[in-house]
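K.L.:
Give me a 3D structure for the following:
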Amino acid sequence: MTKVLTSTSKFSQLQKIRVGVVCGGTSAERNISIRSGRGVLKALVESGIQAERLDPATKTFWKKTENFDILFLVLHGNGGEDGSIQAILERRGIPFTGSGSKACRKSFNKLVTKRYLRKWGIPTPTYTVLSQKHWKKRATLFPTPYFVKPLDGGSSQGVFPVEDFKKSAETIRKSLARHQRLLIEKRIYGRELTCGILAGRALPVVEVRPRRSFYDYKAKYTRGMTEYLVPAPILHRVASKVMKLTEKVCGAMELKDFARVDFMLDEQNKPYVLEVNSIPGMTELSLLPKAARAAGISYHEVCLTILAKSLKRFQGR
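P.N.:
Predicted coordinates:
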């Protein structure tokens, strides 16, 4: 494999360590996680770092973790972004990239995230929660249009819009039977934006333009279904506000190294925070690397920056 030389020597110390790239797992986002892992592994190896892919779904996973100096986590969905693997690694004293278990738990559950956003005075669409008891009454009283979302999980899986409650009641009932509790959130019409953060600093804002009615799973992972504009063609003051909000949210939630915040920009140019991603997609074509590229940071440098920042944090303990 051809090695890629980075533009700086600040990452030279990384060539002395062994890195386990953790991806896959058993969640519904397994395939996406594997794609992220392949990208990160390739970037690390091409940068002269000893790295190997590890899958928590295998029986030998925990035994293998003992062979590495640090684990690079690109484990999406349940088991990864929910803080569970981070909690185990913290107990075992194994260094890893990204946010700690507490921050991951806060950002993974949409209801918990919403409560924190409101506490900090950060704009987010109005919402309520549906449970098995009295769900019809709540769903009927909440003004349409709105989105129905599982409380956890990513990649917009299980998310659907509701324009008319009567027409969607059966779909809501089935979703509630599967997830036990659901978030319903006011639908904000406007432009979808996302802003990544790398080593504590916001990256250029990306505008997401799906060719479907909203940015669902199919729009996210089907080639040609979505257009991405980076930097987003929005007013400078609006972009600056989105970036500042991103830094505020990630700082308040104690997210480390890299993360991504999703927004809706309404027709009055007011940004609303939708979700927070503690382990965003990390393929070369994923949104955070796209934004970094617009800031002059290569994909390899993104991976190395995350690794270096994480390693420094653990070595400083």
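K.L.:
Checking Tyr228 next. Helix, strand or coil?
P.N.:
At Tyr228, secondary structure determined by DSSP: H, G, I helix; E, B strand; the rest coil is strand.
K.L.:
I'd say it and Val206 touch.
P.N.:
Yes: between Tyr228 and Val206 there is a contact under Cβ atoms under 8 Å: 5.8 Å. Just so you know, the C-beta spots here come from the backbone N, C-alpha and C atoms, and that holds for glycine as well.
K.L.:
Between those two, which has more neighbouring residues?
P.N.:
Between Tyr228 and Val206, Val206 has the larger neighbour count (other Cβ atoms under 10 Å), namely 22 against 15.
K.L.:
excluding its backbone neighbours, what's nearest that one?
P.N.:
Using Cβ to Cβ, 6 or more residues apart in numbering and skipping the chain neighbours, the partner closest in space to Val206 is Val230 (4.5 Å).
K.L.:
Can you give me the neighbour number for the one you found?
P.N.:
Val230 has 19 nearby residues by other Cβ under 10 Å.
K.L.:
Look up how far Lys241 lies from it.
P.N.:
As judged by Cβ to Cβ, to the nearest Å, Val230 and Lys241 stand 17 Å apart.
K.L.:
ok, now which ones touch Pro150?
P.N.:
Taking Cβ atoms under 8 Å, 6 or more residues apart in numbering, we find Pro150 in contact with Lys110, Gln157, Gly158, Val159, Ser175, His179, Leu182, Leu183.
K.L.:
ok but the last one is inside a helix, no?
P.N.:
No: counting by three-state DSSP, Leu183 is not found in a helix; it is strand.
K.L.:
Can you report how many residues neighbour it?
P.N.:
Burial measure for Leu183: 22 neighbouring residues, criterion other Cβ under 10 Å.
K.L.:
Can you give the distance of stretch 304-317 from its chain's centre?
P.N.:
The chain centre lies 20 Å from the centre of stretch 304-317; the measure is Cα atoms, centre = their mean, to the nearest Å.
K.L.:
Buried ones in it, by neighbour count?
P.N.:
Leu304, Thr305, Ile306, Leu307, Ala308, Lys309, Ser310, Leu311 (16 or more other Cβ atoms under 10 Å).
K.L.:
What is the helix or strand hosting Arg91 packed up against?
P.N.:
In the assignment (DSSP states H and E), Arg91 maps to helix 84-92. In terms of contacts (3 or more Cβ pairs under 8 Å, 6 or more residues apart in numbering; DSSP states H and E), helix 84-92 is packed against strand 70-73, helix 101-108.
K.L.:
tell me the most buried of these?
P.N.:
strand 70-73 (a mean of 26; mean count of other Cβ atoms under 10 Å).
K.L.:
would you put the C-alpha positions of it in PDB?
P.N.:
The C-alpha coordinates for strand 70-73 follow below in PDB (Å, rounded to 0.1, in the frame of the first residue of the first chain):
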ATOM      1  CA  ILE A  70      -5.300   3.100  21.500                       C
ATOM      2  CA  LEU A  71      -8.600   2.200  19.800                       C
ATOM      3  CA  PHE A  72     -10.000   4.400  17.000                       C
ATOM      4  CA  LEU A  73     -13.800   4.200  17.500                       C
END
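K.L.:
Determine the set of other helices and strands touching that strand.
P.N.:
Counting contacts by 3+ Cβ pairs under 8 Å, 6+ apart, strand 70-73 packs against strand 18-22, helix 84-92, helix 299-315.
K.L.:
TSV for the ones you listed, including distance to Ala28?
P.N.:
Shown next, in TSV, are the helices and strands packed on strand 70-73 (distance: least, Cβ to Cβ, whole Å):
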stretch	distance to Ala28
strand 18-22	17
helix 84-92	15
helix 299-315	24
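K.L.:
Dump those into TSV; add distance to Lys64 and mean pLDDT as well.
P.N.:
What follows is the helices and strands packed on strand 70-73, written out as TSV (distance: least, Cβ to Cβ, whole Å; pLDDT from 0 to 100):
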stretch	distance to Lys64	mean pLDDT
strand 18-22	7	98
helix 84-92	13	97
helix 299-315	18	95
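K.L.:
what ranges do the helices span in the chain?
P.N.:
Using DSSP state H, the helices found in the chain span residues 30-46, 61-64, 84-92, 101-108, 110-119, 135-141, 165-179, 217-221, 236-252, 287-294, 299-315.
K.L.:
lowest-confidence stretch among the ones you listed?
P.N.:
Mean pLDDT is lowest for helix 217-221 among those, at a mean of 58.
K.L.:
who's in contact with Leu307?
P.N.:
Contact analysis of Leu307 by Cβ under 8 Å, 6+ apart lists Phe11, Leu14, Val19, Leu44, Ile49, Ile70, Phe72, Thr97.
K.L.:
My error: substitute Lys133 in the last question.
P.N.:
Contacts of Lys133 by Cβ under 8 Å, 6+ apart: none found.
K.L.:
ok, now the one 4 residues further on?
P.N.:
Taking Cβ under 8 Å, 6+ apart as the criterion, Lys137 is in contact with no other residue.
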